[in-house]
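Asks: Here's a sequence, model it:
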Amino acid sequence: MGFDLKKWGPYVFLIGFVIAVVLSIAGSGLEESNKTMLLWVLGLLGIVVGLVNVGDKESMPFLIAVIALLQLNYALEIFKTFPALSDVLPIVTDIISYLTMFLMPAALIVALKLIYDLAGEGSYGKVSHVFVGKKKR
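Replies: Numbering: from 1, shown residues only. All right, here's what the predicted structure looks like:
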């Protein structure tokens, strides 16, 4: 009966999500050292999410979702000019920014795993005969 990180994966994601939301709401009231520490925790939790939570089947949908989140972050800049949204938009923008800080390390890990799977040793054996000229017997 050992420690199984995969069982804790969803909780790690939830903790990272909650920290991102708390930082966005209370971030300006936090001391700089506490904010920095929470950002490091977000990054480390993101690495754990990338290593544990996202499997082979979820890699592409996860990366697409992170790209969509990044695009949303940029798109919200347009709406900053609308006076009707001036009260709520900064909070939403901060939440998305901190979620991005949480998910970028995860996306990096998932992207590197995917690149390794696509171009790693396993792929070389399958296509080496095409480039080297060896014939299969």
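
Asks: who does the helix ranked longest in the chain touch, helix- and strand-wise?
Replies: Longest helix of the chain, by residue count under DSSP state H: helix 89-119. Packing partners of helix 89-119 (3 or more CB pairs under 8 Å, 6 or more residues apart in numbering; DSSP states H and E): helix 5-26, helix 32-48, helix 59-75. In short, each C-beta sits where N, CA and C put it, glycine included.

Asks: Compile these into TSV and extend it with columns for distance to Ala84, mean neighbour count and mean pLDDT.
Replies: As requested, the helices and strands packed on helix 89-119 are arranged in TSV below (distance: least, CB to CB, whole Å; neighbours: other CB atoms under 10 Å; pLDDT from 0 to 100):
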stretch	distance to Ala84	mean neighbour count	mean pLDDT
helix 5-26	20	16	87
helix 32-48	30	15	90
helix 59-75	17	13	90
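
Asks: Distance to Thr93 added to those, as a markdown table?
Replies: What follows is the helices and strands packed on helix 89-119, written out as a markdown table (distance: least, CB to CB, whole Å):
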| stretch | distance to Thr93 |
| --- | --- |
| helix 5-26 | 8 |
| helix 32-48 | 17 |
| helix 59-75 | 7 |
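
Asks: closest to Ala106 out of those?
Replies: helix 32-48 (4.4 Å; CB to CB).

Asks: The closest one to helix 89-119, inter-axis angle?
Replies: Using axes from the mean of the first three to the mean of the last three CA atoms, to 10 degrees, the direction of helix 32-48 lies 40 degrees away from that of helix 89-119.

Asks: got the angle between helix 32-48 and helix 5-26?
Replies: 150 degrees.

Asks: Number the residues from 52 up from this point.
Replies: With the count now opening at 52, the last piece we talked about shows up as helix 83-99.

Asks: Centre of the chain to helix 83-99, how far?
Replies: Distance, stretch centre to chain centre, for helix 83-99: 13 Å (CA atoms, centre = their mean, to the nearest Å).

Asks: go on, stretch 72-92?
Replies: Centroid displacement of stretch 72-92 relative to its chain, using CA atoms, centre = their mean, is 18 Å.
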